[in-house]
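K.L.:
Got a sequence here, can you build the structure:
(chains A and B)
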Amino acid sequence: MEDLIIIGAGPAGLTAGLYAARARLKTLMLEKLSPGGQVLMTDWVENYPGFPDGISGFDLVDKMRRQAEKFDLVIENQEVSRLELSPEKKVVVTDKGNLETRALILTSGATPRKLGIEGEELLIGKGVSYCATCDGPFYRDQEVALIGGGDTAVEEAIFLTRFAAKVHLIHRRDELRATKLLRERVMALDQVNIVWDTVPTRIVGDTEVKGVDLKNVKTGKTSHLPVQGVFVFVGYIPNTELVKGQLELDKWGFVVTNNDMQTSVPGVFAAGDIRSKILRQIATAVGEGATAVFAVERYLESLK
Amino acid sequence: MSDVLQVTDNTFEEEIIKSDIPAMVDFWAEWCGPCKMVSPLVEELAKEYEGKIKIASMDVDGNRQTPGKFGIRNIPTLILFKGGEVAQTIVGAHPKSHLDEELKKLL
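P.N.:
The predicted structure follows:
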């Protein structure tokens, strides 16, 4: 039996892993892809403290992983298919078998939210994208639409101007939600055309994206915008399918915890984007990962 | 030493289309973070399927023709080939178990 299993090797998980390894807890970290999480989708991280010149998403998580492994953290490439959580027993079921642990930290993060409009699902991979750093270069000198208004949407719109001839930033309100600095930057760019009070209603094309139908939410007026790509940045959905019905979730499906990362089941903790909270950043994920391990140590002590 | 064969626009026809065993090509690029999640899995699969399925990768930065030919506009994208024809296209990062399932179908 493990002392601790950590599910998900993004910044929250990797920090928890680092602290757990140094605390010499018998720990196993499970990651279904490769370590990194959503940070890998970002080109450049400017707001993580300690890096005045910024750092690439990949390099940052790579350093985090190497640091944790230096203290002998074991990270295994396994996908969790089911969790059985109770105060007395925690079972983690993967394709390689069943694992039992005394404590569990969930750091499985979140996945980009889809628009849920006609044509979107059909055209994923054919012009519809949720990752500008992955796919931006395919749209060199073309026109693209970008849906969203938060930090990610604005950052990615700025990033896309390196390749696209024009980026149409479609936002449903009359003001961007993004941080002031980002708003200043994007509004100063000629290549970015901000379309206010507008939502996409349909993505058009059969074998590839040809355009997007739009609707002004204030006037009701509809229009069509011919573009070769549609980038979607409208938020995140927590990866909580495994714990639905077992842990308390907030109304958006994020895991409810107290200040010590403790969920509604004793011995089960959550950290990072999967948690119910006001701010989702690498900087918050890291702090929560460390706190969760400290809470695990106290919990394990209480069992003795 | 990598077990994954690097292919280019020039060698694609010979290595993949004309291959007598099935093949899988991992389309990636240096700038693409999620591609870095998939590449280690592809490395492992190359070892496991050695001799049975040709596992290759193509850097889309230096090779524009082939991705264009197959309509690739998102990476990572994995395309599975059998007898020179596209058998399956997998877009985005997926767990190794999913990739393994798809590769088994080729055999």
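K.L.:
before we move on, what SS does residue B:44 have?
P.N.:
helix (DSSP: H, G, I helix; E, B strand; the rest coil).
K.L.:
Let me fix that, I meant to ask about residue A:186.
P.N.:
Classification of residue A:186 using three-state DSSP returns helix.
K.L.:
Neighbours of it, how many?
P.N.:
Per other C-beta atoms under 10 Å in any protein chain shown, the neighbour tally for residue A:186 reads 21. Just so you know, the C-beta spots here come from the backbone N, C-alpha and C atoms, and that holds for glycine as well.
K.L.:
I figured it hits residue A:192, correct?
P.N.:
Yes - Residue A:186 lies in contact with residue A:192 (C-beta atoms under 8 Å); the separation is 5.5 Å.
K.L.:
okay, now whichever residue of the stretch 51-200 of chain A sits closest to chain B: neighbour count?
P.N.:
Closest contact between the stretch 51-200 of chain A and chain B, by C-beta to the nearest C-beta, is at residue A:125 (3.6 Å). Counted by other C-beta under 10 Å, the residues lying close to residue A:125 total 19.
K.L.:
For it, give me the pLDDT.
P.N.:
According to the prediction, residue A:125 has pLDDT 82.
K.L.:
Not including adjacent chain positions, what is the nearest residue to it?
P.N.:
residue B:91 (3.6 Å; C-beta to C-beta, 6 or more residues apart in numbering or on different chains).
K.L.:
What is the burial count for the residue in chain B positioned nearest to chain A?
P.N.:
Per C-beta to the nearest C-beta, residue B:33 is where chain B lies closest to chain A, at 3.1 Å. Neighbour count of residue B:33, defined by other C-beta under 10 Å: 23.
K.L.:
That one against residue A:42, yeah?
P.N.:
Yes - Residue B:33 lies in contact with residue A:42 (C-beta under 8 Å); the separation is 7.0 Å.
K.L.:
Any residues of the stretch 201-304 of chain A in contact with chain B? List them.
P.N.:
Taking C-beta under 8 Å from any C-beta of the partner chain, the part of the stretch 201-304 of chain A that reaches chain B is made up of A:207, A:208, A:229.
K.L.:
is it true that the second one lies in a helix?
P.N.:
This points to residue A:208. No - if the criterion is three-state DSSP, then residue A:208 is coil and not within a helix.
K.L.:
show me what contacts it?
P.N.:
Residue A:208 sits next to A:123, A:126, A:127, A:228, B:71, B:73 when contact means C-beta atoms under 8 Å, 6 or more residues apart in numbering or on different chains.
K.L.:
got the phi/psi numbers for it?
P.N.:
phi -160, psi 160 (degrees, to the nearest 10).
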